[in-house]
Every structure is written in C-alpha cells, then in structure tokens.
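[1] return a 3D structure for these sequence lines:
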Amino acid sequence: MDITFHRLAGNLYFASAVRDDGVTVTVPGYDRTGAIPHDLAHFVAEREFGMTRGLWGSVAAGALFTGMAVTAGRQKPHAAERSKRIIKAHAKDIGLAEAVAGVVHDAVERDLALAAVMARLRAHWGALSPDPPPVAGVDAAVAALRREAERWSAVPVDQGMSLTWPFPAEHVPGSHPGRARTGRLPRASRRR
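    As a prediction, the model looks like this:
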C-alpha cells in the first residue's frame, strides 16, 4: 500500500492511501498543533514495531474509519461489513498502536529524553495490555520518526511525501476465500 501525506496551508494535512486492491482512500488529518502529522507518527511507529493490525494495517486490510472516504477505485461487495469486522478484530491492536504512536510522536515533538519516553510507553501500554511493552525498539522508532519529520518539514504546501506500507494486508476475519455467502463452495469448485 502506498501512502502519501499531503501538506496543506496552516499546518494541516491529509493522507491518501492506494491499497493493494486498487482502491484509494483519503484519511483526514485531525491534529493541527504538531509539526509532525499524527498519522505519519502512526505509520512510523507501526512500521518500526511491526504492528500489522494498527491503523495502517487495518486500512490496508480494508477498514474505513470515521471521516475516511473512497476517492478512486471500486470496493469489493460488502465492503462496509468487512470494514466493521476488521475494526472489531483489530480493536486491541489499534489501541496499542495509538499508545505507541502517541508516545513516539510526543518524544519527537517535545524532544523527550529516552527514560521519559520509556516511562510513558510503559504507562500507556500497561493500561491496555498485560503483555510487556515493546521497549527494545523505542529508540529506533524515535530516530525513524525524526528522519521522516525532517523529510516532512521540507515538503511545500500543496505537495506530498510518499511512503510504502511494508506489510501485506492480513486476512479479514469472518471471510472465507472461495466460498459463497452460503458457506458452500462455488458451483465450479464442487465435486461432480
């Protein structure tokens, strides 16, 4: 999936993503205070930590979050139901990705010391999961976001910065490739 972050006047942005199925979706940018788009922080944090079921992994799989719009291509039948299944199945991971992205974003925006970043990650992660947080990659994720933030700062208004989501879209829960809605194999696949 190719994602372009588009710079607008007034420190605003939006993102467009061309999914592997050929559908292009627009993701509105809601944060207006930071120099770095929050959705760019999501991209970097999720990529660096291998979070395939966060915001961008969910978009790649076909999720459409509130405010998103299809701007090109044709969605598969039952796309709205598929989107709901993805969001439901990925809910915990989306929350964890939000926590990690927020911490990494704040670390770069506020130039926080690594110890402070680790403490914030542990606190946010601990509220969502009993598993230990991915502290081993925090410094690499912060460094990666700093590099992308530098690239972003050079993007002129009405231009964009493109990145490629490195993970394949995950299988959607509740769908069975090759089966009709009835659960039976299509006629051509049945034994004779």
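
[2] CA atoms for contacts and neighbours, from now on please.
    Fine.

[3] please enumerate the helices of this protein.
    Secondary structure of the chain (DSSP state H): helices at 38-49, 55-61, 79-89, 91-109, 114-126, 138-153.

[4] lowest mean pLDDT across these, which one is that?
    Mean pLDDT is lowest for helix 114-126 among the helices of the chain, at a mean of 87.

[5] got the buried residues for that one?
    Val117, Met118, Arg120, Leu121, Arg122, His124, Trp125 (16 or more other C-alpha atoms under 10 Å).

[6] kindly report the same for stretch 133-148.
    The neighbour-count check on stretch 133-148 (16+ other C-alpha under 10 Å) flags Pro133, Val138, Ala141, Val142, Ala144, Leu145, Arg146, Glu148 as buried.

[7] in JSON lines, list the residues you listed along with distance to Gly34.
    Converted to JSON lines, these look like this (distance: C-alpha to C-alpha, whole Å):
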{"residue": "Pro133", "distance to Gly34": "25"}
{"residue": "Val138", "distance to Gly34": "20"}
{"residue": "Ala141", "distance to Gly34": "18"}
{"residue": "Val142", "distance to Gly34": "15"}
{"residue": "Ala144", "distance to Gly34": "17"}
{"residue": "Leu145", "distance to Gly34": "13"}
{"residue": "Arg146", "distance to Gly34": "13"}
{"residue": "Glu148", "distance to Gly34": "14"}
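
[8] out of the residues you listed, who's nearest Thr71?
    Glu148 (25.6 Å; C-alpha to C-alpha).

[9] one step back: of all the buried residues of stretch 133-148, which two lie farthest apart?
    Using C-alpha to C-alpha, these reach their maximum pairwise distance at Pro133 and Glu148, which is 23.3 Å.

[10] hmm, back to that, got a markdown table for the helices of the chain, with distance to Leu163 too?
    Output for the helices of the chain, formatted as a markdown table (distance: least, C-alpha to C-alpha, whole Å):
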| stretch | distance to Leu163 |
| --- | --- |
| helix 38-49 | 9 |
| helix 55-61 | 12 |
| helix 79-89 | 23 |
| helix 91-109 | 17 |
| helix 114-126 | 25 |
| helix 138-153 | 10 |
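
[11] quick check, central residue of the chain?
    Trp56 (1.8 Å; C-alpha atoms, centre = their mean).
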